[in-house]
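Enquirer: Got a sequence here, can you model it:
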Amino acid sequence: MPAGPDGHRGLFGVFQQAFQGVALDRLAGSFWVAVAGGVAAYATSAAAASLTTRSLATLLAAFLTMGVLASAMSAEDPYWWQRYFSELGEGEDLASVTFDLTLLLTGASLVTVAELLAHDLHRWARGAGEPAWRITAVRALLTTVGVLVALVAVISRSVSIVWHDVVAQSLVVVFGLTLLAVPVLLRRLPGALIAVTAIAFALLVTATVLYAGVG
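Expert: Below is the predicted model:
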């Protein structure tokens with residue numbers, strides 16, 4: 001799998017620490033940047049050629065986790081978690097840029113995952129005798145979740161607190177509806193997947209009650 005922006009930045013940081021004091025002129029610097037870019041492009045194209053829905057979803061989860069952790073580690077306020085998650089995206093520092101970029105790319109990737117998953121589910125539906133409209137409904141829900149995740153990054157609290165809260169709350173509602181709808185629409189899915197979906201919905205309800213009800 002190709003390393004993300006944080007991975008490339010970390011790799012360059014390791015080399016910088018390993019070769020302290022090395023100064024490159026413009027020609028040598030341009031050469032090594034071109035080499036690094038070429039290697040990254042080759043690795044990315046090779047990974048994309050063998051990309052599957054499962055591998056993309058796994059990569060997406062890892063990217064989201066690393067991006068959020070990188071933002072949390074570099075946040076100016078170490079007690080951001082005592083207020084709200086979106087505080088990581090406020091401001092114009094590196095932590096905010098990392099957080100917003102992570103959510104934006106995650107949202108775009110979720111839309112791609114929805115398309116790939118719909119393609120796989122259509123083949124499964126034909127074999128299982130499921131109607132095609134159910135797959136279309138699942139794709140629409142997942143696509144909406146991806147769009148809302150991207151909008152959370154685009155409309156941060158520093159842009160508009162009201163609209164950011166509207167988008168964030170809509171994301172929670174749509175995500176909850178998706179968790180409820182998938183087992184109903186796709187009843188012949190493996191039991192393990194339905195169980196995981198039920199657990200995710202229970203966790204979502206618990207988190208909502210703790211935040212909005214208990215405080």
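Enquirer: where does the protein have low pLDDT?
Expert: For the chain, applying pLDDT under 70 flags the ranges 1-12, 48-51, 53.
Enquirer: Which helix in it has the most residues?
Expert: Of all segments of type helix in the chain, defined using DSSP state H, the longest is helix 94-128.
Enquirer: quick one: buried residues of the helix or strand that that one is followed by?
Expert: Remark: after helix 94-128, the chain's next helix or strand is helix 132-154, criterion DSSP states H and E. For helix 132-154, burial by neighbour count (16 or more other CB atoms under 10 Å) applies to 134-135, 137-139, 141-153. (C-beta placed from N, C-alpha, C; glycine too.)
Enquirer: helices or strands up against helix 132-154?
Expert: helix 94-128, helix 161-185 (3 or more CB pairs under 8 Å, 6 or more residues apart in numbering; DSSP states H and E).
Enquirer: got the angle between it and helix 161-185?
Expert: 160 degrees (axes from the mean of the first three to the mean of the last three CA atoms, to 10 degrees).
Enquirer: Can I get stretch 114-127 as CSV, trimmed to CA atoms?
Expert: Below are the C-alpha coordinates for stretch 114-127, written out as CSV (Å, rounded to 0.1, in the frame of the first residue of the first chain):
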residue,chain,number,x,y,z
ALA,A,114,-19.6,3.0,-2.1
GLU,A,115,-19.2,2.6,-5.9
LEU,A,116,-16.9,-0.4,-5.6
LEU,A,117,-19.1,-2.0,-3.0
ALA,A,118,-22.2,-1.5,-5.1
HIS,A,119,-20.5,-3.2,-8.0
ASP,A,120,-19.7,-6.2,-5.8
LEU,A,121,-23.2,-6.3,-4.3
HIS,A,122,-24.8,-6.2,-7.7
ARG,A,123,-23.1,-9.4,-8.6
TRP,A,124,-24.0,-10.9,-5.3
ALA,A,125,-27.6,-9.8,-5.7
ARG,A,126,-28.0,-11.4,-9.0
GLY,A,127,-26.8,-14.7,-7.6
